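In: what shape does this take:
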Amino acid sequence: MQNKDSIELFIFDFDGTLVNLPVNWKKLKEDLRKLLRSKSSLVPLFPSLEAITKNNRELREKAWKLIEEYELDAVR
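Out: Prediction:
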């Protein structure tokens, strides 16, 4: 087994090509808008999120945590 410090590559699958997670994106975006106090369409999601929270690290972390919760619920 390799040490975790030797990891050289991460694979991201944001568009669901490798794994299809049934995330309720509509509900997630509604909850994000409430959290962010924004009327943004959040499309595309990740660049929109970064732009809205660029001056508020704490809010950005809360938003990413919310996304993570939705993803973990979808995995179950």
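
In: how about the nearest residue to the residue most central in space within the chain, chain neighbours excluded?
Out: The centroid of the chain falls nearest to Ile67 when counting by C-alpha atoms, centre = their mean (4.1 Å). Setting aside the residues directly before and after it, Ile67 is nearest to Leu28 in space (C-beta to C-beta, 6 or more residues apart in numbering), at 6.7 Å. Quick note: C-beta positions are derived from backbone N, CA and C, even for glycine.

In: quick check: that neighbour vs Ser6, distance?
Out: In this structure, Leu28 and Ser6 are 34 Å apart, going by C-beta to C-beta, to the nearest Å.

In: of these two, who's got more company?
Out: Shown here are Leu28 and Ser6; by other C-beta atoms under 10 Å, Leu28 has more neighbours (19 against 6).

In: now what about whatever helix or strand Glu71 lives in, what contacts it?
Out: Applying DSSP states H and E as the criterion places Glu71 in helix 57-75. Residues outside helix 57-75 that contact it (C-beta atoms under 8 Å, 6 or more residues apart in numbering): 21-24, 27-28, 31-32, 35-36, 49-50, 53-54.

In: filter the residues you listed down to just the buried residues.
Out: By neighbour count, with 16 or more other C-beta atoms under 10 Å, the contacts of helix 57-75 hold 23, 28, 31-32, 36, 49, 53 as buried.

In: ok, so of the residues you listed, who is nearest Arg76?
Out: Comparing these against Arg76 with C-beta to C-beta picks out Val23 as the nearest, at 11.7 Å.

In: next structured bit after the helix or strand containing Asp31?
Out: According to DSSP H and E, Asp31 maps onto helix 25-36. Downstream of helix 25-36, the next assigned helix or strand under DSSP H and E is helix 45-52.

In: what's the separation between Ala51 and Ile7?
Out: Ala51 is 30 Å from Ile7, by C-beta to C-beta.

In: also Leu72?
Out: Look at Leu72 and Ile7: by C-beta to C-beta, they are 21 Å apart.

In: the two: who's more crowded?
Out: Set Leu72 next to Ile7 and count neighbours by other C-beta under 10 Å: Leu72 wins out with 11 against 8.
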